[in-house]
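Q: Need the 3D shape of this:
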Amino acid sequence: MSFLELSNITKRFGTFEALRGISLSIERGSFVSLLGPSGCGKTTLLRIIAGLETPNGGSVVIDGSDVTRLPPEARKLAMMFQSYALLPHMTVLDNVRFPLRMQGSSSTADQRQRAHEALALVKLDHLADSRPRQLSGGQQQRVALARAIVYQPRVLLLDEPLSNLDARLREDMQIELQDLHHRLGLTTIFVTHDQEEALSLSDRVVLMRDGAVERDAPADEIYDDPGTPFAADFLGAANVLKVLVEPSGVRLSNGQMLTIGQAPKNGEALLILRQEDLSLGEGTLSLDGIVEARVFMGTRVRYVVRVGDDTIRVLTDRDQSAQPGDRITVGFSPERARWAR
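A: Below is the predicted model of the structure:
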């Protein structure tokens with residue numbers, strides 16, 4: 001049995017079914033992201049693991065023990081919230097020490113020592129005597145992280161902890177979280193709606209949709225082979241083209257035929273092409289289209305191209321140039337094509 005086992009978890013709020021039979025097996029020491037749009041059920045699932053919500057059906061087993069009906073304090077888990085929830089009247093050290101104080105299982109001196117050690121792990125031990133209001137948003141986030149890890153929880157639960165930070169701080173904290181995870185080896189479950197965060201941090205990504213698991217795979221695998229149109233669009237905003245597979249090739253909506261060796265059997269199918277796998281100009285395979293928009297993004301440029309009834313996005317280097325209204329070809333290699341029905 002895996003370290004954390006979720007079996008057929010269901011949850012209803014009135015007539016609304018928030019979770020529909022979720023089953024997951026999570027290995028000890030892994031970093032798993034629950035990814036999906038708002039309202040898909042990812043935070044509800046995290047709260048059920050934490051014991052903050054009770055499922056209508058199913059079970060939560062941690063390290064061989066069924067904890068489904070246990071209160072949060074009996075599970076030895078730590079949860080870090082989006083808001084950080086630091087206590088403003090306490091020093092940084094006392095905020096980090098707070099969970100140990102509530103446990104009451106060690107001396108004050110030992111609690112303070114462990115709080116200092118946790119602060120050192122997030123490189124904030126020099127601010128132990130400060131108050132939360134004296135800290136930046138990134139520093140407050142790291143204090144909340146130190147408080148979450150101070151008593152060595154069995155599972156670390158993170159509910160969109162980076163969403164309140166600006167872009168540079170988010171990048172810094174992603175590196176911090178990765179480093180901390182590698183040093184401590186904590187089993188970590190991370191909730192996010194940001195696919196870049198999920199892919200950069202996780203060993204494994206669980207993509208959720210409408211209260212169910214849409215796709216569950218290692219980060220690189222789920223990106224390279226999304227498997228469903230929803231996964232392809234949510235992870236990297238891939239192009240999904242409706243095509244007709246015929247004996248002579250693959251027919252696009254504009255009538256153009258392509259020869260793609262690994263195409264599925266005859267009939268309607270969905271051709272999935274990543275933006276970064278396309279280029280302007282001839283390729284092994286080429287699509288004919290008209291540029292509708294050019295979006296400058298600094299180091300790269302995104303083109304929106306009309307191909308028959310479809311609109312595709314092409315992400316290129318700055319040295320490739322086209323303007324709205326230009327007729328162009330979009331090239332790609334057949335091995336970069338992915339498929340769904």
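
Q: Please determine how far residue 93 is located from residue 185.
A: Separation of residue 93 from residue 185 (Cβ to Cβ, to the nearest Å): 25 Å. Using the backbone N, CA and C atoms, a C-beta is placed for each residue, glycine as well.

Q: in what helix or strand does the residue lying closest to residue 157 once chain neighbours are set aside lie?
A: Leaving aside its chain neighbours, residue 157 sits nearest to residue 79 (4.2 Å; criterion: Cβ to Cβ, 6 or more residues apart in numbering). Per DSSP states H and E: residue 79 is located in strand 77-80.

Q: Give me the residue at the spatial middle of the protein.
A: A centroid search over the chain (Cα atoms, centre = their mean) returns residue 198, at 2.7 Å, as the residue closest to the centre.

Q: hang on, isn't it packed against residue 191?
A: No. Using Cβ atoms under 8 Å as the test, residue 198 is too far from residue 191 to be in contact (9.4 Å).

Q: list residues touching both of those two?
A: By the contact definition Cβ atoms under 8 Å, 6 or more residues apart in numbering, residue 198 and residue 191 are jointly contacted by residue 33.

Q: ok, back up a step: how is the residue nearest to the centre of the chain assigned, secondary-structure-wise?
A: helix (DSSP: H, G, I helix; E, B strand; the rest coil).

Q: Report the beta-bridge partners for the closest residue to it other than its chain neighbours.
A: Excluding its sequence neighbours, the residue lying closest to residue 198 (Cβ to Cβ, 6+ apart) is residue 33, at 3.8 Å. Here residue 33 shows beta-bridge partners residue 190, residue 205, assigned using DSSP bridges.

Q: quick one: residue 33 from residue 104, how far?
A: Residue 33 sits 34 Å away from residue 104, taking Cβ to Cβ as the criterion.

Q: Looking at these two, which is more packed in?
A: More crowded of residue 33 and residue 104, by other Cβ atoms under 10 Å: residue 33, with 26 against 7.

Q: Quickly note the distance from that one to residue 55.
A: In this view, residue 33 and residue 55 are 21 Å apart by Cβ to Cβ.

Q: ditto for residue 144
A: Separation of residue 144 from residue 55 (Cβ to Cβ): 27 Å.

Q: Check residue 335 too.
A: Residue 335 sits at a distance of 43 Å from residue 55 (criterion: Cβ to Cβ).

Q: Over to residue 199?
A: Note on residue 199: its distance to residue 55, by Cβ to Cβ, is 28 Å.

Q: Check residue 308 too.
A: When Cβ to Cβ is applied, the distance between residue 308 and residue 55 equals 47 Å.

Q: If you count surrounding residues, which of these two has more?
A: Set side by side, residue 308 and residue 55 show more neighbours around residue 55, with 23 against 15, by other Cβ under 10 Å.

Q: in which helix or strand would I find the spatially closest residue to residue 106 that is not a sequence neighbour?
A: Spatial nearest neighbour of residue 106, excluding adjacent residues (Cβ to Cβ, 6+ apart): residue 100 at 6.4 Å. Using DSSP H and E, residue 100 sits in helix 92-103.

Q: Quick check: next helix or strand after that helix?
A: Using DSSP H and E, the next helix or strand after helix 92-103 towards the C-terminus is helix 108-121.

Q: Residue 93 and residue 185: which is more packed in?
A: Neighbour count, other Cβ under 10 Å: between residue 93 and residue 185, residue 93 has more, with 22 against 12.

Q: Show the pLDDT at the residue lying closest to residue 116 once chain neighbours are set aside.
A: Nearest non-adjacent residue to residue 116, counting by Cβ to Cβ, 6+ apart: residue 125, 5.7 Å away. Note on residue 125: pLDDT of 91.

Q: And residue 125, how close does it get to residue 179?
A: 16 Å.

Q: Can you pull out the low-pLDDT segments for the chain?
A: Low-confidence segments of the chain, defined by pLDDT under 70: 1, 341.

Q: Return the residue of it that is most distant from the centre.
A: Using Cα atoms, centre = their mean, the residue of the chain lying farthest from its centre is residue 248. It sits 39.8 Å away.

Q: Hmm, that one is touching residue 257, no?
A: Yes. In this structure, residue 248 is within contact of residue 257 by Cβ under 8 Å, at 6.6 Å.

Q: Would you indicate which residues of stretch 170-187 are buried?
A: 170, 173-174, 176-177, 180-181, 186-187 (16 or more other Cβ atoms under 10 Å).

Q: One more: stretch 186-201?
A: For stretch 186-201, the neighbour count (16+ other Cβ under 10 Å) marks 186-195, 197-199, 201 as buried.

Q: again with stretch 287-306
A: Within stretch 287-306, the residues that qualify as buried are 287, 289, 291, 301-305, counting by 16+ other Cβ under 10 Å.
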